[in-house]
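Enquirer: Sequence first, then the predicted structure, then my questions.
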Amino acid sequence: MLVDALFASHWTWLAIGVLAVMAIFGLVQWLGGSRRYERPDPNRDFLVESLLTLVAGDEERCERLLAQAIEQGRSEPRVFLAYGALLTRRGEAGRAARLFEGLLARGGLEPSIARYTHEALVEALVRGGRSEQALSWAARLAEPAHLDADRLERRARLALAARAYEVAESLALRLERLRREQGRRLVALCYAAEAEDKVDRGQRDEAVRLVRKALARDREAAAVWALDGQLLLEDGKLDKARASFLEALKLEAGLGIAVFPELEDAHIEAGQVADFEAMIHALLEARPHDPVALWALGSHLVRRRHLREGMTALGEAVETAPGFALARRELDRARAELEGRPEPIDDEPVDSTTRCSACGTSGVRGIVRCPVCAHVGTIVFLGVPAAPSVVMLPSQPPAEAATP
């Protein structure tokens with residue numbers, strides 16, 4: 001009687017139905033999982049094997065595997081992305097750009113894959129020197145309304161590389177709302193990069209305006225102070241230029257590699273050689289083992305035919321920073337000249353003192369933008385330890401931004 005009453009209730013049958021549906025659903029999931037285990041995704045296998053060969057240092061095999069996957073008609077977008085990224089890394093930016101363009105034209109990509117492909121395309125176009133197309137694609141980098149802070153910074157830097165300054169600034173300002181200090185520095189970098197372009201185009205007044213805006217945002221931007229010093233030098237304002245350059249050196253000692261030769265030439269032209277030497281001695285009094293200042297002093301003395309004194313300073317620079325290729329080379333040349341030997345031929349034709357952290361090129365010369373890959377704020381100084389402070393000469397006026 002109890003059983004009959006139980007099964008007569010509609011709640012009992014509803015409960016049985018729910019349990020049956022759950023059992024069927026669980027069976028389907030188990031069978032599906034078994035099938036996936038038995039038949040792994042071949043695209044994933046190719047990607048994993050390619051990654052392992054790349055980590056092992058076999059770049060050629062990695063490329064062969066990815067190319068083979070594409071030739072076999074595998075449609076997984078990540079295979080195309082991996083192959084394109086490898087081509088960009090190998091310097092074949094044109095092929096990579098065509099691959100990314102084809103992937104975007106195909107459509108139907110997941111939003112995250114589409115965003116990454118878009119960024120990779122801008123990078124490849126910039127590296128390949130296709131500036132107009134890079135600028136066109138970079139204009140779309142700001143389109144997504146919701147981007148996290150890391151994505152905002154990456155896209156802003158890509159826009160700077162493509163010289164899409166308005167886009168870069170808008171992204172940097174959005175970043176500033178999320179990460180104030182990081183965004184503030186990036187906005188200043190946007191102004192500095194555009195100012196450097198204006199200088200190259202002869203638009204000096206615009207460059208001065210942008211340098212002022214950059215320093216208003218970030219007075220600890222060494223590259224901006226160096227750019228300010230260059231503008232002041234062009235105006236013949238040597239004292240103010242020296243003050244700005246010293247501000248740059250206080251923040252980044254390695255910038256002296258780019259700054260000191262310009263300062264030396266300007267002081268020689270103005271007949272103020274003693275002031276240049278006094279400036280370097282003041283720097284060395286504050287930072288006795290600053291290898292860049294030692295290199296500048298040694299090179300200057302050798303140029304003035306004081307070979308032994310110059311070699312002493314250069315020797316100290318090399319001892320302090322063994323990786324300082326410029327100082328070592330200058331020392332070898334001075335020693336050969338003193339001993340009456342032919343000037344030595346460099347064993348290492350590419351200077352390794354500076355390197356671009358974006359493209360990996362050694363020996364790059366620049367302050368804000370890498371002349372090879374066009375990325376901004378990526379030039380690093382190797383083997384040159386940072387210095388905490390600098391002593392200003394008593395006769396120096398306070399550093400200020402360039403004036404028209």
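Expert: Cool, got the structure.
Enquirer: Could you pull up the mean pLDDT of stretch 319-328?
Expert: Mean pLDDT, stretch 319-328: 82.
Enquirer: likewise stretch 85-105?
Expert: The average pLDDT within stretch 85-105 is 82.
Enquirer: Export that stretch to PDB, keeping only CA atoms.
Expert: Only the C-alpha atoms of stretch 85-105 are listed here, as PDB (Å, rounded to 0.1, in the frame of the first residue of the first chain):
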ATOM      1  CA  ALA A  85      55.200  35.400 -34.900                       C
ATOM      2  CA  LEU A  86      58.200  33.300 -35.800                       C
ATOM      3  CA  LEU A  87      58.500  34.900 -39.200                       C
ATOM      4  CA  THR A  88      58.400  38.400 -37.600                       C
ATOM      5  CA  ARG A  89      61.100  37.300 -35.200                       C
ATOM      6  CA  ARG A  90      63.300  36.000 -38.100                       C
ATOM      7  CA  GLY A  91      63.000  39.400 -39.900                       C
ATOM      8  CA  GLU A  92      60.500  38.200 -42.500                       C
ATOM      9  CA  ALA A  93      57.900  40.800 -41.500                       C
ATOM     10  CA  GLY A  94      56.400  41.000 -45.000                       C
ATOM     11  CA  ARG A  95      55.500  37.400 -45.000                       C
ATOM     12  CA  ALA A  96      54.200  37.600 -41.500                       C
ATOM     13  CA  ALA A  97      52.000  40.600 -42.300                       C
ATOM     14  CA  ARG A  98      50.400  38.800 -45.300                       C
ATOM     15  CA  LEU A  99      49.700  35.800 -43.000                       C
ATOM     16  CA  PHE A 100      48.000  38.000 -40.400                       C
ATOM     17  CA  GLU A 101      46.000  39.900 -43.000                       C
ATOM     18  CA  GLY A 102      44.700  36.600 -44.400                       C
ATOM     19  CA  LEU A 103      43.800  35.400 -41.000                       C
ATOM     20  CA  LEU A 104      41.800  38.600 -40.200                       C
ATOM     21  CA  ALA A 105      40.100  38.500 -43.700                       C
END
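Enquirer: Contacts for it, please.
Expert: Residues outside stretch 85-105 that contact it (C-beta atoms under 8 Å, 6 or more residues apart in numbering) are 54, 59, 62-63, 66, 77, 80-81, 83-84, 109, 114, 117-118, 120-121, 123-130, 133. From N, CA and C alone the C-beta is placed, and that goes for glycine too.
Enquirer: in that stretch, what counts as buried?
Expert: Neighbour-count burial for stretch 85-105 flags 85-88, 92-97, 99-101, 103-104 (criterion: 16 or more other C-beta atoms under 10 Å).
Enquirer: and it, how far out from the chain's middle?
Expert: How far stretch 85-105 lies from its chain's middle: 20 Å, per C-alpha atoms, centre = their mean, to the nearest Å.
Enquirer: on that earlier part again, are any of the contacts of stretch 85-105 buried, and if so which?
Expert: For those, buried by 16+ other C-beta under 10 Å: 54, 62-63, 66, 77, 80-81, 83-84, 109, 114, 117-118, 120-121, 123-128, 130, 133.
Enquirer: Let me see the ranges of the helices in the stretch 251-400 of the chain.
Expert: For the stretch 251-400 of the chain, the helices defined by DSSP state H, counting those that start in this stretch cover 256-269, 273-286, 291-303, 307-320, 325-339.
Enquirer: Please apply the same query to the stretch 101-250 of the chain.
Expert: Under DSSP H, counting those that start in this stretch, the stretch 101-250 of the chain gives helices at 111-127, 131-138, 149-161, 165-178, 180-200, 204-217, 222-234, 238-251.
Enquirer: How about the fifth one, which residues are buried there?
Expert: In this case it means helix 180-200. Buried residues in helix 180-200 (16+ other C-beta under 10 Å): 182-199.
Enquirer: and the angle for that helix with helix 165-178?
Expert: 160 degrees (axes from the mean of the first three to the mean of the last three C-alpha atoms, to 10 degrees).
Enquirer: which outside residues touch helix 180-200?
Expert: Residues contacting helix 180-200 (C-beta under 8 Å, 6+ apart): 149, 153, 156-157, 160, 163, 165, 168-169, 172-177, 204, 206-208, 210-211, 213-215, 217-218, 221, 223-224, 227, 230-231, 367-369, 376-377.
Enquirer: Also the second one?
Expert: Outside helix 131-138, the residues within contact range by C-beta under 8 Å, 6+ apart are 97, 118, 121-122, 125-126, 158-159, 161-164, 167.
Enquirer: Need these in JSON lines (columns: distance to residue 239).
Expert: What follows is the contacts of helix 131-138, written out as JSON lines (distance: C-beta to C-beta, whole Å):
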{"residue": "97", "distance to residue 239": "48"}
{"residue": "118", "distance to residue 239": "48"}
{"residue": "121", "distance to residue 239": "48"}
{"residue": "122", "distance to residue 239": "43"}
{"residue": "125", "distance to residue 239": "44"}
{"residue": "126", "distance to residue 239": "39"}
{"residue": "158", "distance to residue 239": "39"}
{"residue": "159", "distance to residue 239": "37"}
{"residue": "161", "distance to residue 239": "35"}
{"residue": "162", "distance to residue 239": "38"}
{"residue": "163", "distance to residue 239": "33"}
{"residue": "164", "distance to residue 239": "37"}
{"residue": "167", "distance to residue 239": "38"}
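Enquirer: quick one on the thing from earlier: most tightly packed of the helices of the stretch 251-400 of the chain?
Expert: helix 291-303 (a mean of 25; mean count of other C-beta atoms under 10 Å).
Enquirer: pLDDT of it, averaged?
Expert: 92.
Enquirer: got it, and stretch 171-184?
Expert: If you average the pLDDT values across stretch 171-184, you get 93.
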